[in-house]
Each structure stands twice: as structure tokens, then as C-alpha cells.
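Enquirer: Got a sequence here, can you model it:
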Amino acid sequence: MKIGIVGAGFVGSTIAYAALLRKAATEIVLIDIDKKRSSAEADDISHAVPFSHPMGVYDGEYEHLQDSGIVIITAGVNQKPGESRLQLLDRNAKILKEIIPSILQHAPDALVLVTTNPVDAMTHLAARFARDMGFSHDRIIGSGTTLDTARFRSLLSTPLGVNPQHVHGYVVGEHGDSEVLTWSIVDIGGLPLDRFIRHRNLHFGKQEQQEIDRQVRYAAYSIIEGKGATYYGIGAAVAHMIDVIAHNERSILTVCRPLPEIAGIKDVTVSIPHLFSGREVVASLPLQLDDAEEKALQASASAIKASIRQYDDQFNR
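Expert: The predicted structure is shown next:
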């Protein structure tokens with residue numbers, strides 16, 4: 001499958017490199033306003049091709065997106081230390097509004113995957129911009145909490161002493177401070193978390209749970225403080241998504257997309273588990289959360305809704 005990546009910075013180039021190593025694409029075109037950067041990244045990644053599998057990697061313009069199966073948007077300004085993802089919205093929405101028409105003009109049938117933060121609100125606006133142009137928003141999704149879910153499973157697997165692939169639990173809601181870790185529906189090998197803990201005679205209580213919650217929720221802040229940006233985790237997460245879609249694995253991914261209603265909040269974009277078949281979202285899966293998690297999801301959806309409303313109020317002044 002041919003992949004287009006708009007934005008050849010740390011995230012975009014890492015996605016391309018990870019996709020090469022996973023053998024998830026046959027062709028990748030990098031597009032960036034900084035032509036020197038996109039050309040250099042394409043050259044560098046292409047030099048790794050002999051160590052993976054045949055894949056064309058080059059830089060180009062929007063017209064080179066033609067026949068792309070997936071177009072990934074990573075373009076935008078970076079999150080500053082101490083800055084929330086929602087504070088990025090106004091700056092990155094302006095960039096997004098310029099990008100979407102160019103993508104849809106040259107790749108109208110592609111699945112558009114937004115990764116730029118704040119990804120929930122940005123995905124919501126991308127879908128709106130597409131509708132304004134007469135395009136369906138069904139092919140607009142965001143990377144959402146795919147990485148957060150992986151962090152959750154990885155961190156939980158260590159004290160449980162089991163491979164993360166056998167830990168089933170999701171992070172839903174906002175990709176950000178208000179995200180919800182779905183502790184009540186975690187299972188390991190078909191056993192609910194509390195039963196697995198008792199069966200294995202493990203010491204894992206509220207304190208350990210709160211520490212994992214903290215590490216998942218605020219992972220990006222510590223990484224940004226230490227090295228300025230996050231890109232390996234999201235690069236691997238998106239490469240996994242490309243692999244799932246390109247090879248029609250019919251997998252469940254916690255992406256974000258516009259929903260008519262979630263937890264009583266109407267017309268909002270949040271992350272919940274979705275079943276994919278190729279480039280199509282087959283279904284949004286219902287969540288059987290406990291009361292506290294349901295309220296937290298409602299609060300998370302409300303926070304995203306409020307940020308979109310604030311953007312609209314400012315834009316319409």
C-alpha cells in the first residue's frame with residue numbers, strides 16, 4: 001500500500017522508518033513545507049531499505065499523494081514543556097485547515113489519519129473541514145489513545161509477570177490529561193484483573209494502580225521535558241496501525257473519530273475501541289465501564305467538546 005505522510009519532522013520520519021521495518025507499506029511519500037528536511041529524511045530512510053524490504057521512499061508535493069491508501073497528518077507545531085495538548089489547538093488548527101483541502105484534492109479515496117495534537121479536537125476539525133468540502137468524514141480518524149493503550153498494557157504487564165500482548169485493557173476518552181484507564185474491564189488470559197492477581201498471589205493494590213495511571217497519563221510530559229518531543233512511541237503505534245489496515249488484520253484499535261454521542265455528550269470526537277476491516281471502520285465497540293469510569297469518560301468528552309467550542313467562539317469573532 002502506498003502511504004503519504006504530511007509533515008517530515010520527528011514524528012513523520014519516525015513513522016516512515018517504523019513502517020519500513022514492519023514491512024507495512026510498499027511506497028511512502030514525505031511532504032513538508034521544509035523541502036530540504038523532507039528530502040534528507042527520505043534519502044536517509046531509503047538507505048535502510050536494503051536491510052528491510054523493497055519500498056520506495058521519496059519526498060514530493062501534494063500531487064504525489066495520488067493513489068495513496070492512507071495519508072497521515074503529522075504536521076504542526078510541537079507541544080512545549082508544561083503545555084497541555086488542548087492548548088495547541090488554535091495554532092495547529094490553522095495549519096490543518098490548509099492541509100485538508102490539498103490532501104482531499106489529490107487523494108480523495110484515502111483514509112486520512114491525524115496524529116497532530118491535540119489529536120481528538122484536530123480529528124474533529126479535520127472531519128468538519130472535509131464535510132465542508134463535500135467529502136464524507138467516515139475516512140477521517142485520529143491516532144487517539146492507541147499509544148496510551150500500549151503504555152497501559154506494557155506498564156501493567158511488568159508487575160503481573162506476563163507478556164503485554166496478553167493484557168487486554170484500553171485507555172479511552174481524550175489523548176491527554178483526562179484520559180480514562182479502563183481498569184474495570186482489564187483481563188489477562190480471559191481472567192478479570194482481580195481474579196488473576198488472586199490466582200497468582202500477587203501484591204498489586206490501589207497504590208500500584210495509581211502509579212501506573214500516573215505514568216500512562218503523564219508520560220508525554222516527562223519525555224518532552226527530557227528530550228523535547230515524543231516520536232518513537234507514536235511512530236511505532238502508527239506503523240502498527242498502517243500494518244493492521246494494509247494487511248486487513250481485522251484488529252481492534254483505540255482510534256478517535258467523530259461520534260454522534262458518547263457518555264451523554266453529543267457530536268464529539270473521543271477514542272474508544274473500533275474494529276477495522278482494511279481501511280473501513282466496521283464498528284465502534286460499546287464499553288461496559290463501572291460508574292466511576294463512565295463519569296470520567298463523560299468528563300473527558302466534555303473537556304474535548306469545550307475546547308472545540310472555544311475554538312469555534314474564537315474563530316467566529
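Enquirer: For the residue minimising distance to the centre of the chain, grab phi and psi.
Expert: Centroid-nearest residue in the chain: Ser143, 1.6 Å away (criterion: C-alpha atoms, centre = their mean). Ser143 has phi and psi values of phi -60, psi -20 when expressed as degrees, to the nearest 10.
Enquirer: How about the contacts made by it?
Expert: Neighbouring residues of Ser143 by C-beta atoms under 8 Å, 6 or more residues apart in numbering: 113-115, 119, 175, 234, 237-238, 241, 255-256. Heads up, the C-betas are built off the backbone N, CA and C, glycines and all.
Enquirer: Please apply the same query to Glu261.
Expert: By C-beta under 8 Å, 6+ apart, the contact set of Glu261 is 267-268.
Enquirer: In three-state terms, label it for me.
Expert: Following DSSP: H, G, I helix; E, B strand; the rest coil, Glu261 is assigned to strand.
Enquirer: From Glu280, how far off is it?
Expert: As judged by C-beta to C-beta, to the nearest Å, Glu261 and Glu280 stand 21 Å apart.
Enquirer: give me phi/psi at the residue sitting furthest away from the middle of the chain?
Expert: No residue in the chain sits farther from the centre than Asn201, which is 35.4 Å out by C-alpha atoms, centre = their mean. The phi/psi pair for Asn201 (degrees, to the nearest 10) reads phi 50, psi 50.
Enquirer: re the thing from before, just the pLDDT at the residue nearest to the centre of the chain, thanks.
Expert: pLDDT, Ser143: 97.
Enquirer: which stretches of the stretch 101-250 of the chain form strands?
Expert: 111-114, 140-142, 167-168, 171-172, 180-181, 187-188, 191-192 (DSSP state E, counting those that start in this stretch).
Enquirer: And these: which comes nearest Ala48?
Expert: For Ala48, the closest of the strands of the stretch 101-250 of the chain is strand 111-114, at 22.4 Å, according to C-beta to C-beta.
Enquirer: how far is that closest one from where the chain is centred?
Expert: The chain centroid and the centroid of strand 111-114 are separated by 10 Å, computed with C-alpha atoms, centre = their mean, to the nearest Å.
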